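Chemist: Sequence plus the predicted model coming up.
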Amino acid sequence: MSKQSFFSGGKKLGILGGGQLGKMLLQCSNVWDIHTKVLDPDAEAASRYTCTEFVQGSLQDFDTVYQFGKDCDVLTIEIEHVNVEALKKLESEGVSVHPKPASLETIQDKGLQKIFFTANQLPTSDFLLFENKMEVLDALQRGTIKIPFVQKTRKAGYDGRGVLIVNEEKDLEQLFDTPSLVEDKVELLHEIAVIAVRNEQGEIKCFDPVLMDFHAGANMLDLLLFPAPLEDDLCQQAKAIAQTLIEKFEICGLLAVEFLINPQGKIFINEVAPRPHNSGHQTIESCYSSQYQQHIRGILSLPLGSTELILPSAMVNLLGAEGHTGPVKYEGLEDCLSKEGVAVHLYGKKISKPFRKMGHVTVTNKDINQAKNIATWVRQTLQVKSH
């Protein structure tokens, strides 16, 4: 396949999922005049008006995904929850699918993810797999597991959904009654993430780690600092693990790897995502090549771009305010736009809901502490409400 034929040519890039990640991916593909086709169940998906072709339909339905992908030359994802069997069939018929359906199938199941980490002797917290809530309670009674622990549904979890932290007995009332994994709760000092990228030639690059803080109520990323102001040895260790993982999974494009670090400085893989990731939005302003451009380079077998830093940054997610559901209204937006180094990204979602991701703001500054201070001010000033 000619790589050049994607530029102002007849080759077609298909994207499964048309949310904000797809929209930001399209901003890069449009710069290079790549023909894009997007599938999303939402008729008003964020990507609808910036792609070449848009198809409304289910990402989970075999026939819908298969028919969508048949005329694509390369197919990729912006969300993991897609029909893998359709992707396998398309791959067998000559469509280049990234990530590989076999790897995606493993990553879709958090239990299989953990098995993969341990099989490859990569550091992750101890875990057990359970079929239902009763099995978890029985294991607790037998002493096989102990409070505190973390329960994660094996499939369909995202943005904090499908994760339960059990700190005391009363939390057991909220246990998921579905196939899940239970893992030891890591005593947490830091949470970091590394985004790696690889192309078919085997070239690999990693962005520097980001340091992440999470919203306690929503269990979603609230503030990140880039690059993470941590010891270089720890950052290099995380990048080395991310590089090993992207090689072992044989992924082309992006792999985001989330890590937990305990007070003793020990690092644990939390989970991975084979797509653009919330922990990489800041690369749009902070790096010579953003995560989105790197993903396109990786899946189209192009030379990878530079992951070098232009300016340090802090990023905050714009989450819908509690108690507000309805047509979105942004309060304090003009105040934020008047600040130097503040880049506001709105995702085009018309309806705000509590904790719904409506956008993000990246603050670049030579001094990362100053970037953090301004980002904290933005988080207090820019409120996502409803009419």
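Modeler: Structure's in. What do you need?
Chemist: How much space separates the residue lying farthest from the centre of the chain from Lys170?
Modeler: Most distant from the centre of the chain: Arg142, at 36.4 Å, with distances by CA atoms, centre = their mean. Between Arg142 and Lys170 the computed distance is 21 Å (CB to CB, to the nearest Å). C-beta: built from backbone N, CA, C; applies to glycine.
Chemist: Ala238 too?
Modeler: 35 Å.
Chemist: what number of residues lie near Glu247?
Modeler: 15 (other CB atoms under 10 Å).
Chemist: which residues does it contact?
Modeler: Arg198, Ile204 (CB atoms under 8 Å, 6 or more residues apart in numbering).
Chemist: May I ask you to confirm that it belongs to a strand?
Modeler: No. Looking at Glu247 with DSSP: H, G, I helix; E, B strand; the rest coil, it is helix, so not inside a strand.
Chemist: Can you give me the domain assignment for the chain?
Modeler: 4-97, 126-184, 190-386 (automatic domain parsing).
Chemist: closest to Phe116 out of those domains?
Modeler: domain 190-386 (7.6 Å; CB to CB).
Chemist: which residues of the stretch 151-300 of the chain fall in strands?
Modeler: In the stretch 151-300 of the chain, strands defined by DSSP state E, counting those that start in this stretch lie at 163-166, 180-184, 190-198, 204-206, 210-215, 220-226, 253-261, 267-273, listed in chain order.
Chemist: Determine which of the ones you listed approaches Ile284 most closely.
Modeler: Of these, the one closest to Ile284 (CB to CB) turns out to be strand 220-226, at 11.2 Å.
Chemist: can you state the direction angle for the closest one and strand 210-215?
Modeler: Interaxial angle, strand 220-226 versus strand 210-215 (axes from the mean of the first three to the mean of the last three CA atoms, to 10 degrees): 150 degrees.
Chemist: hmm, who's touching strand 220-226?
Modeler: By CB under 8 Å, 6+ apart, strand 220-226 touches 159-160, 193, 208, 210-215, 278-279, 282-283, 286, 312-317, 319, 355, 357, 368, 371-372, 375-376, 379.
Chemist: So how do I select the buried members of those in ChimeraX?
Modeler: For the buried members of the contacts of strand 220-226, the matching ChimeraX selection, counting by 16 or more other CB atoms under 10 Å, is:
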select :193,208,210,211,212,278,279,282,283,286,312,313,314,315,316,317,319,355,357,368,371,372,375,379
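Chemist: So Leu300 sits against Phe7, correct?
Modeler: No. With contact defined as CB atoms under 8 Å, Leu300 does not reach Phe7; the gap is 9.5 Å.
Chemist: higher neighbour count, the two?
Modeler: Set Leu300 next to Phe7 and count neighbours by other CB under 10 Å: Leu300 wins out with 25 against 14.
Chemist: Would you quantify the distance from that one to Lys366?
Modeler: 34 Å.
Chemist: go on, Gly202?
Modeler: For Gly202 relative to Lys366 (CB to CB), the value is 35 Å.
Chemist: all helices for the stretch 1-150 of the chain, in order.
Modeler: Ranges of helices in the stretch 1-150 of the chain, per DSSP state H, counting those that start in this stretch, are 20-31, 62-69, 84-92, 101-108, 110-119, 133-142.
Chemist: most neighbours per residue, which of these?
Modeler: A comparison of the helices of the stretch 1-150 of the chain by mean neighbour count, using mean count of other CB atoms under 10 Å, puts helix 20-31 on top with a mean of 22.
Chemist: per-residue confidence averaged over that one?
Modeler: Average pLDDT, helix 20-31: 97.
Chemist: Output the contacting helices and strands for that helix.
Modeler: strand 12-16, strand 35-40, helix 291-299 (3 or more CB pairs under 8 Å, 6 or more residues apart in numbering; DSSP states H and E).
Chemist: Show residues contacting the last one.
Modeler: Pointing back at helix 291-299 there. Residues contacting helix 291-299 (CB under 8 Å, 6+ apart): 13, 24-25, 27-29, 32, 34, 74, 76, 96, 98, 195, 197-199, 205, 207, 252-254, 275-277, 280-281, 283-284, 289, 302-305, 307.
Chemist: filter the residues you listed to the buried ones?
Modeler: When these are checked for burial by 16+ other CB under 10 Å, the buried set is 13, 24-25, 27-29, 34, 74, 76, 96, 98, 195, 197-199, 205, 207, 252-254, 275-277, 280-281, 283-284, 289, 302, 304-305, 307.
Chemist: Next, the contact list for the residue nearest the centre of the chain, please.
Modeler: Geometric centre of the chain, nearest residue: His277, 2.8 Å, by CA atoms, centre = their mean. By CB under 8 Å, 6+ apart, His277 lies in contact with Leu21, Ala193, Ile195, Leu254, Ala256, Gln291.
Chemist: Burial check on the residue lying closest to His98 once chain neighbours are set aside, number of neighbours?
Modeler: With sequence-adjacent residues excluded and distances taken as CB to CB, 6 or more residues apart in numbering, His98 is closest to Ile299, at 4.2 Å. When neighbours are defined as other CB under 10 Å, Ile299 has 24 of them.
Chemist: ok, Ile299 to Gly253 distance?
Modeler: From Ile299 over to Gly253 the distance is 4 Å, taken as CB to CB.
Chemist: Need the overlap of contacts for the two.
Modeler: Joint contacts of Ile299 and Gly253 (CB under 8 Å, 6+ apart) are Thr76, His98.
Chemist: Output the below-cut-off pLDDT ranges for the protein.
Modeler: Low-confidence segments of the chain (pLDDT under 70): 1-4, 158-160, 216-219.
Chemist: go again using 50 as the cut-off
Modeler: 1 (pLDDT under 50).
Chemist: Specify the stretch among the helices of the stretch 1-150 of the chain that is closest to Pro229.
Modeler: That would be helix 20-31 among the helices of the stretch 1-150 of the chain, by CB to CB, at 25.5 Å.
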